[in-house]
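1. any chance you could fold what I've pasted below:
(one chain, ligands or ions: 1)
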Amino acid sequence: MTSSYSADQIQVLEGLEAVRKRPGMYIGSTGPKGLHHLVYEVVDNSIDEALAGYCTHVEVDLNADGSVTVTDDGRGIPTDIHPKTGKSALETVLTILHAGGKFGGGGYKVSGGLHGVGISVVNALSEFVEVTVWRDKKVHLQRYERGIPVSDLQVKPNKEKEARTGTSVTFLPDTQIFTTGTEFDYITLAGRLRELAYLNAGVKITFTDNRLELLKSDTPKIETYEYRGGIKEYIAYMNREKQPLHEEIIYVQGERSNVQVEVALQWCTDAYTDNVLGFANNIRTVDGGTHLEGLKAVLTRTLNAIARKRNKIKENEPNLSGEHVREGLTAIISVKVPDPEFEGQTKTKLGNTEVRGIVDSLVGEVLTEYLEFHPSVADAVLDKAIQAFKAAEAARHARELVRRKSVLESSPLPGKLADCSTRDPSESEIYIVEGDSAGGSAKQGRDRRTQAILPLRGKILNIEKTDDSKIYKNNEIQALITALGLGVKGEEFDASQLRYHRIVIMTDADVDGAHIRTLLLTFFYRYQRALIEQGFIYIACPPLYKLERGRNHEYCYSDRELQQKIAAFPSNANYTIQRFKGLGEMMPEQLWTTTMNPETRKMKQVEIEDAAEADRIFTILMGDRVAPRREFIETYGSKLNLTDLDI
Ligand code: 0RA
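-> Below is the predicted model of the structure:
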């Protein structure tokens, strides 16, 4: 008995040590993403308990000491002693890798964080963990440090009248592991928690930020997410600034061979691209997979069948393509699969082949019936798809005109492009700058061999409000497309044609600059999404301030950095601050050293972290309605500002 216990103990220590030695293998990275995944890992356990039907409320608290507490009202992690190991189930779950699943209590584990690694990984990577379990009219408590229990399981009677059940886990991320910082970002966590609440209808999530000093407030910030309508409500939220083509959101739910499928759909009149989001086991499948393939196939097939039945397409006419059928569509598909296979480099593509057919048949049946009972919806959607088909024809026409024109012109490159001299795209960069004065400084300050400058005029164009065929006629967009060497939407993206492998958006660090940056990102997001996905788009980070003290000077890239630098001065504090209002105010040499020199600059690579959120921002900023736009800038202005981008 004793020997098996110690062998066990050795195994535990080796397991925890492996996690601490190679944290990246378990949580992806030790940067901000990995840090936030710790929270998701713990929350996912509570969500699983909710999906099993035993928990209704999950609370997430950011504490003043930098720790996080996740509390639920589920059954509580079992605390009984395992006869063989002599340890409680609780301690087993917290110290043995992948042990969580074994205590799943029958149902399958749905979520499971980034890699479904389990709570023991969070334990291994935390300075401390404190767990409280309310069960059997008792309160159970245990503390761990860097994964190792530092107390026995303490058990006290729970004297509450209606003794509660549940689990509470508090952890403090270990600064030895997360060397780039352990501060949690409210907006990041709020986004994911809200998403979880949408994906798991009826689960209530309360999110509280108790870091008063950081908040500069004397009351905590509290938000509650609870959506009885689930993904249906998610669609309503995503479309809330748009004009729906049909009032009712189409909703399909079902289960086949243990795979749960949920789909919500709504087409809008004022959108010209589709926005289809996929989730598998609560994880956003950015790279798609079989569930999305099934959904796209069944949408195209069903709508063509109905179009023929309703005589919208004649016998001799071709079928509508998937792209036309999906124009203006906002959709969410969420599947829950017992043994998910996640593929691809980022493990965000669902691989289970059986899911394709399950989605296809389930959605096909319900959607066909729905459209037969709602012929006006069917007609509106089909008319929109047919219009899309016609617009694509017109765009193709316009595109050919553009091509013919550029063949006629001696130089196909736009006149205002100051090109670089190298012809090797892998070492070439293009800076898209706002206005001529910034363009002038950038042209003088750049490295002519590898850096090209393209100045664009003002607010380039309002992409949300226009349709494809008009976009290609816009001068600024034409200049951009030709300079980059790209084709237009609808053509296969061909990276070998791309003339620069770094496309850098460089705008002023003010609201106008943020607006123009968003416009450009909208364009890339909607019409050249592959450029973002393949990591070609960057945002330059010019400094906001120059801080001079005696003979020394330094540049500051955020308000916080400025405050920190000033605070570090001795108390006679004798300095001057220059605030750069725009890039045009900087000397070419200054712009080079602070923003463009590859050796010293800061630059943010643009990612499609959350297509739903990106689409929302674009819609709000670009839409006709002024009030939500102002509200957005007031709320998220600082987020849009370069100052808060994590570089
Ligand atoms: C396995 C079995 C049981 C509960 C849990 C896991 C559980 C785990 C976590 C993690 C966070 N919150 C949780 N809530 C519950 C219950 C088994 C039983 O009571 O029969």
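
2. mind listing what the residue of the stretch 151-300 of the chain at minimum distance from the ligand touches?
-> Distances between the stretch 151-300 of the chain and the ligand by CB to the nearest ligand atom are smallest at Thr167, namely 3.7 Å. Where you see a C-beta, it was placed from the backbone N, CA and C, and this is true even at glycine. For Thr167, the contacting residues are Asn45, Ser46, Glu49, Thr71, Asp72, Gly74, Gly76, Ile77, Val131, Thr132, Val133, Trp134, by CB atoms under 8 Å, 6 or more residues apart in numbering.

3. just these: which are in strands?
-> Thr71, Asp72, Val131, Thr132, Val133, Trp134 (DSSP state E).

4. name the nearest of those residues relative to the ligand.
-> Asp72 (5.0 Å).

5. so which of the contacts of Thr167 are also by the ligand?
-> For the ligand, the contacts drawn from those by CB under 6 Å from any ligand atom are Asn45, Ser46, Glu49, Asp72, Gly74, Gly76, Ile77.

6. in a markdown table, list the ones in strands among the contacts of Thr167 along with pLDDT and neighbour count.
-> As requested, the ones in strands among the contacts of Thr167 are arranged in a markdown table below (pLDDT from 0 to 100; neighbours: other CB atoms under 10 Å):
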| residue | pLDDT | neighbour count |
| --- | --- | --- |
| Thr71 | 98 | 19 |
| Asp72 | 98 | 28 |
| Val131 | 98 | 23 |
| Thr132 | 98 | 18 |
| Val133 | 98 | 26 |
| Trp134 | 97 | 21 |
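
7. quick check, nearest of those to Pro32?
-> Using CB to CB, Thr71 is the member of the ones in strands among the contacts of Thr167 that sits closest to Pro32, with 23.9 Å.

8. one step back: let me see the mean pLDDT of the host helix or strand of the residue of the stretch 151-300 of the chain closest to the ligand.
-> If you go by DSSP states H and E, Thr167 is part of strand 166-173. Averaging pLDDT along strand 166-173 yields 98.

9. near the ligand, which residues of the stretch 251-400 of the chain show up?
-> So the stretch 251-400 of the chain never meets the ligand (CB under 6 Å from any ligand atom).

10. mind listing the helices for the stretch 251-400 of the chain?
-> Ranges of helices in the stretch 251-400 of the chain, per DSSP state H, counting those that start in this stretch, are 290-309, 322-325, 354-373, 375-408.

11. okay, the angle between the first one and helix 375-408?
-> Regarding helix 290-309 and helix 375-408, their directions subtend 100 degrees when assessed with axes from the mean of the first three to the mean of the last three CA atoms, to 10 degrees.

12. by contact count, what packs against helix 290-309?
-> When contacts are defined as 3 or more CB pairs under 8 Å, 6 or more residues apart in numbering; DSSP states H and E, helix 290-309 sits against strand 275-280, helix 322-325, strand 329-336, strand 349-350, helix 354-373, helix 375-408.

13. would you turn those into CSV with mean pLDDT and mean neighbour count?
-> Output for these, formatted as CSV (pLDDT from 0 to 100; neighbours: other CB under 10 Å):
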stretch, mean pLDDT, mean neighbour count
strand 275-280, 95, 22
helix 322-325, 94, 20
strand 329-336, 97, 24
strand 349-350, 96, 23
helix 354-373, 97, 18
helix 375-408, 79, 15
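
14. how far does the strand or helix carrying Tyr234 sit from its chain's centre?
-> Per DSSP H and E: Tyr234 is located in helix 231-238. How far helix 231-238 lies from its chain's middle: 17 Å, per CA atoms, centre = their mean, to the nearest Å.

15. and the pLDDT for Leu640?
-> At Leu640, pLDDT is 42.

16. if I look at the residue of the stretch 151-300 of the chain closest to the ligand, how far off is Gly147?
-> The spacing between Thr167 and Gly147, counted by CB to CB, to the nearest Å, is 18 Å.

17. likewise for Leu215?
-> 31 Å.

18. cool, and His82?
-> 19 Å.

19. these two: who's more crowded?
-> Remark: of His82 and Gly147, Gly147 carries more neighbours, 24 against 12, as counted by other CB atoms under 10 Å.

20. thought the more buried one was touching Ile96?
-> No: between Gly147 and Ile96 there is no contact under CB atoms under 8 Å: 10.5 Å.

21. who touches both of those two?
-> Joint contacts of Gly147 and Ile96 (CB under 8 Å, 6+ apart) are Ser120.

22. which residues in the stretch 401-550 of the chain form helices?
-> Using DSSP H, counting those that start in this stretch, helices in the stretch 401-550 of the chain cover 435-445, 468-471, 475-484, 511-527, 529-533.

23. hmm, I typed the wrong one, I wanted the stretch 101-250 of the chain.
-> 119-124, 186-199, 212-215, 231-238.

24. show me what contacts the closest residue to Gly31 other than its chain neighbours?
-> Spatial nearest neighbour of Gly31, excluding adjacent residues (CB to CB, 6 or more residues apart in numbering): Thr180 at 5.5 Å. Neighbouring residues of Thr180 by CB under 8 Å, 6+ apart: Thr30, Gly31, Pro32.

25. hmm, the last one is touching Thr182, no?
-> I take that to be Pro32. No: in this structure Pro32 lies outside contact range of Thr182 using CB under 8 Å: 9.7 Å.

26. quick one on the thing from earlier: okay, and the beta partners of the residue of the stretch 151-300 of the chain closest to the ligand?
-> Counting by DSSP bridges, Thr167 forms beta bridges with Asp72, Val133.

27. that one and Arg135, how far apart?
-> 9 Å.

28. what is in contact with the two at once?
-> Common contacts of Thr167 and Arg135, defined by CB under 8 Å, 6+ apart, comprise Gly76.

29. low-confidence ranges, the protein, go.
-> Flagging of the chain using pLDDT under 70 yields the residue ranges 1-5, 99-117, 399-412, 458-473, 487-493, 511, 571-572, 609-647.
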